[in-house]
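[1] Need the 3D shape of this:
(one chain, ligands or ions: 1)
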Amino acid sequence: MAASSKPKKVTPLMQQYNTIKIKHPDALLLFRVGDFYETFGEDAVKASKILGIILTHRNNGGDKTELAGFPHHSLNTYLPKLVKAGQRVAICDQLEDPKLTKSIVKRGVTELVTPGVALNDDILSAKNNNFLCAVHFGRNKFGVSFLDISTGEFLTSEGSAEQVDKLLQNFGPNEVLVSKNHKKEFIEVFGTQFHSFFLEDWIFQDDYAHESLTNHFKTKTLQGFGIDQLSHGIVASGAVLHYLSETQHKQLQHITKIHRIAEEQYVWMDRFTIRNLELYHSTNLNAITLLDIIDKTISPMGGRLLKRWLALPLKNLGQIQQRHQVVAHLSEEETLLEKTQHWIKQIGDLERLISKLATGKINPKEVIQLKNSLEAVVPIKQLALESPNGSLNLIGQQLDACESLRHKIKEVLHEEAPVNLLKGQTIATGYSEELDELRNLAFSSKDYLDKMLERETEQTGITSLKIASNNVFGYYIEVRNTHKDKVPESWIRKQTLVNAERYITEELKEYEAKILGAEERIYQLEQQLFEQLLVWMQEYIVPVQQNAQLIAQLDCLCGFSQLAKEHHYVQPQMNDSTALHIKDGRHPVIERQLPLGETYVTNDVILNREEQQIIMITGPNMSGKSAILRQTALIVLLAQMGSFVPASEANIGMVDKIFTRVGASDNISMGESTFMVEMNETASILNNLSERSLVLLDEIGRGTSTYDGISIAWAISEYLHEHPSRAKTLFATHYHELNEMTSTFGRIKNYNVSVKELKDNVLFLRKLIPGGSEHSFGIHVAKMAGMPQQVIQKANKILKKLEKSHSSEEMTDKLQGVQNEMQLSFFNLDDPLLEEIKDEILHLDIDTLTPVEALMKLNEIKRLLSKKKTASS
Ligand SMILES: Nc1ncnc2c1ncn2[C@@H]1O[C@H](COP(=O)(O)OP(=O)(O)OP(=O)(O)O)[C@@H](O)[C@H]1O
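    Numbering: from 1, shown residues only. This is a model prediction of the structure:
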């Protein structure tokens with residue numbers, strides 16, 4: 001018979017493995033076998049690669065299976081590496097004591113660790129949330145939900161794709177859950193930058209989600225959380241809870257509430273703005289972000305909150321002023337600031353510690369840390385209560401030093417309690433009489449053994465006797481080979497070494513049983529008492545969470561004072577007007593990165609809706625135009641998040657939206673598509689303008705030919721000027737042609753970033769001064785870059801020719817071309833659902849529209865089209 005036809009014999013262990021693995025095809029399965037976690041097959045190949053552990057093979061019913069494993073106590077070292085490498089990891093444990101069963105040990109998956117659901121300190125980063133997110137695709141809007149299991153924060157919202165996209169950018173989730181049916185659309189709408197996981201469609205259902213949430217919070221309705229009207233947000237939140245249960249995270253007492261992300265309360269910034277202002281990440285990995293500069297927080301939860309404040313600056317004048325008043329007060333009262341920060345330093349990550357308690361993952365040492373943190377709350381509360389500042393006082397009133405919790409922990413736990421219960425010495429002496437007695441017995445062993453050794457040495461006459469124990473053989477008496485013949489007959493040999501023999505005696509055996517019994521009982525009792533303590537502590541989850549939040553706020557405000565002190569920031573004067581007046585403003589990041597000896601050149605910026613609505617800033621490349629644009633936005637942002645600002649004076653009328661657009665940087669080979677992308681992105685600003693908007697346009701139109709660039713920049717500026725919102729705008733450009741606009745448009749003002757022309761060079765003075773620029777610096781810079789003379793002359797000629805033709809008519813021709821192209825592509829789709837849209841395009845009378853209106857119209861049609869496509873699929 002051929003070998004291949006032989007029935008394969010799979011061991012019972014591998015049968016068990018296969019049954020479990022089938023249930024978790026998407027996860028890397030860590031299978032506990034004795035003291036090891038093993039991986040098999042493809043999982044083993046992956047694990048050995050990621051962890052650098054040895055890959056071996058074992059026989060599996062005639063087949064060779066790959067095998068790689070590591071000792072169980074190294075789980076905390078290896079697990080984070082797997083998760084950080086993007087793996088979902090299923091931990092399969094032994095569910096019964098192997099000693100108590102004769103057949104194969106029962107095993108099951110006890111936890112599924114995924115990038116978005118992590119509790120392990122080695123996976124988490126102290127100053128960052130680890131959000132699990134779900135996005136629900138509704139009929140006409142999207143629902144979104146964020147949950148950080150390590151802190152208990154649970155948030156939801158709903159809205160357009162743009163709104164949800166902005167939230168995804170702000171919250172930066174580590175994992176996004178989406179229904180399998182919307183896999184393709186998710187990638188189309190939100191891109192591939194998120195680690196996503198796709199769930200069955202039925203999970204995203206109204207009733208199911210509602211029930212999951214009300215069951216979890218033990219409430220009848222969701223009204224109390226203010227989310228009952230957010231049906232899409234509820235579905236997304238339900239999916240998040242479902243996923244937690246699917247990944248075996250069932251102890252969730254710390255998730256005590258769900259918040260609506262009240263977007264209307266915060267300054268609107270879209271994804272381009274967040275990215276462009278480099279608030280908390282940059283495309284350049286080594287670049288310093290605004291967050292790096294302003295983060296002076298001391299506690300992890302303070303750091304996390306600061307990031308949230310930065311993503312969601314306030315729009316409410318009163319709330320902003322309250323923050324400023326606290327910062328001002330702390331800046332004046334140096335000792336108060338110092339003392340408060342000193343005590344905040346003593347507080348660990350209260351928020352994550354309390355979550356560990358809820359999820360049953362807290363160890364004895366961490367409970368002591370929790371107690372110590374709460375002890376540091378006492379003086380902070382006192383300091384805040386003594387303060388004349390109303391907001392600080394309120395924080396003082398709300399802080400709860402949890403006195404009985406601290407006392408209880410002190411009473412139950414040893415001050416030096418270890419990480420691991422197994423080490424003993426967890427429970428304080430004096431707490432349990434039984435425990436104290438057992439400890440006496442176990443720890444008096446040294447005396448007892450010393451005496452036994454003395455006696456045996458005397459009786460046998462062996463001088464080099466030794467009594468010791470090890471994990472495998474337990475207690476033994478060791479005799480060196482030279483004295484072997486003196487060993488009494490009653491001694492039983494246990495182990496032979498090269499130079500010695502090891503024996504057990506009747507007395508030692510009895511003693512061992514007693515000690516082992518005592519040690520076992522000590523362990524059991526400690527475990528039991530510790531668990532009782534944890535149960536008792538559960539009711540403190542909410543007050544401790546509240547403390548964590550308050551300390552985080554205080555930490556951020558102290559950080560702002562520290563920042564102001566260190567870098568000479570001033571308190572901005574906030575008001576209800578729509579004007580902006582910044583005196584001697586600086587860019588908070590650039591000013592800290594200047595080469596030694598250079599100082600930042602400060603600049604004034606005045607913007608208002610009456611006289612100076614649009615500032616057209618011209619100047620050569622590298623002169624500092626972008627810096628002025630960005631510092632204006634950053635100063636507003638800092639002010640509205642509650643911080644002082646880098647300026648000598650700032651009067652800020654509340655801003656509700658900040659828009660930023662930067663033209664494509666490479667103007668050599670930009671085709672039609674880049675042109676359209678840039679235009680569409682800009683058009684979306686124009687659709688959303690408000691009276692309180694701040695618009696920054698940096699070299700818009702650069703991503704195309706000079707002619708197009710000027711036309712577009714012109715048209716957009718005209719639109720902004722004519723729009724009833726009269727949004728405040730800073731427009732940086734090196735097209736000096738735009739300076740002509742001031743003669744027609746009263747609220748557009750020309751400024752330039754001054755340079756001094758030397759013989760072969762330009763000296764950057766970086767000062768923003770009134771007036772336009774005389775010539776096109778693009779060509780000037782080309783000269784500086786060493787372009788041949790002929791090329792520069794040619795460029796000059798072309799430019800002259802183009803200058804004559806930046807009329808709106810030609811712009812309209814251009815659009816007509818785009819429109820025709822779009823029509824063609826729509827018709828090709830040949831879908832009855834598109835009839836309506838086709839109609840709209842055919843009847844669009846471009847001639848009556850301004851160029852930008854026409855672009856916007858096209859944009860709108862495109863959006864409608866993609867919506868229809870979504871609906872039909
Ligand atoms: N006010 C200032 N004081 C000191 N240095 C400055 C100032 N503004 C800008 N700089 C320096 O000049 C560099 C260029 O500035 P910026 O990027 O704002 O120029 P730009 O005119 O926008 O150039 P481009 O047109 O190439 O985008 C900055 O990286 C910074 O190092």
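[2] For Phe675, report the pLDDT, please.
    Phe675 carries a pLDDT value of 57.
[3] what do you get for Glu332?
    Predicted confidence (pLDDT) for Glu332: 95.
[4] same question, Phe826
    Confidence at Phe826, expressed as pLDDT, is 40.
[5] try Pro620
    78.
[6] same check, this time on Met670
    40.
[7] same deal with Lys862?
    Predicted confidence (pLDDT) for Lys862: 52.
[8] Same question for Val662.
    pLDDT, read off for Val662, is 80.
[9] do the same with Leu155
    96.
[10] Would you check that it makes contact with Ser145?
    Yes. Using C-beta atoms under 8 Å, Leu155 is in contact with Ser145, at 7.0 Å. Backbone N, C-alpha and C define where each C-beta goes, glycine included.
[11] any shared contact partners between these two?
    Residues touching both Leu155 and Ser145 (C-beta atoms under 8 Å, 6 or more residues apart in numbering): none.
[12] neighbour-wise, which of the two wins?
    Between Leu155 and Ser145, counting by other C-beta atoms under 10 Å, Ser145 is the more crowded of the two (34 against 22).
[13] so which strand or helix has that one?
    Assessed by DSSP states H and E, Ser145 sits inside strand 142-148.
[14] what packs against the longest helix along the chain?
    Across the chain, the longest stretch assigned as helix under DSSP state H is helix 506-537. Applying 3 or more C-beta pairs under 8 Å, 6 or more residues apart in numbering; DSSP states H and E, one finds that helix 506-537 makes contact with helix 364-386, helix 403-412, helix 433-443, helix 445-460, strand 474-480.
[15] how about a cut-off of 7 Å?
    Using 3 or more C-beta pairs under 7 Å, 6 or more residues apart in numbering; DSSP states H and E as the contact test, the elements touching helix 506-537 are helix 403-412, helix 433-443, strand 474-480.
[16] Give me the distance from it to the chain's centre.
    Its chain's average C-alpha position is 43 Å from that of helix 506-537, according to C-alpha atoms, centre = their mean, to the nearest Å.
[17] before we move on, back to that, for the helices and strands packed on helix 506-537, which one sits closest to the ligand?
    Smallest distance to the ligand across the helices and strands packed on helix 506-537 (C-beta to the nearest ligand atom): 51.5 Å, for helix 403-412.
[18] now what about that closest one, what contacts it?
    Identification of contacts with helix 403-412 by C-beta atoms under 7 Å, 6 or more residues apart in numbering yields 367, 371, 374-375, 427-428, 431, 529, 533, 536-537, 540.
[19] how about it: buried residues?
    405-406, 408-409, 412 (16 or more other C-beta atoms under 10 Å).
[20] can you give me the strands for the stretch 601-750 of the chain?
    Using DSSP state E, counting those that start in this stretch, the strands of the stretch 601-750 of the chain run over 603-607, 614-618, 649-653, 657-662, 693-698, 728-733, 748-757.
[21] now what about stretch 168-184, what contacts it?
    Here stretch 168-184 makes contact (C-beta under 7 Å, 6+ apart) with 114-116, 130-135, 137, 146, 186, 190, 194-201, 204, 239-240, 243, 271, 274, 311-312.
[22] Just the buried residues from these, in ChimeraX please.
    Buried residues within these, by 16+ other C-beta under 10 Å, are selected in ChimeraX with:
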select :114,115,116,130,131,132,133,134,135,137,146,186,190,194,196,197,199,204,239,240,243,274,311,312
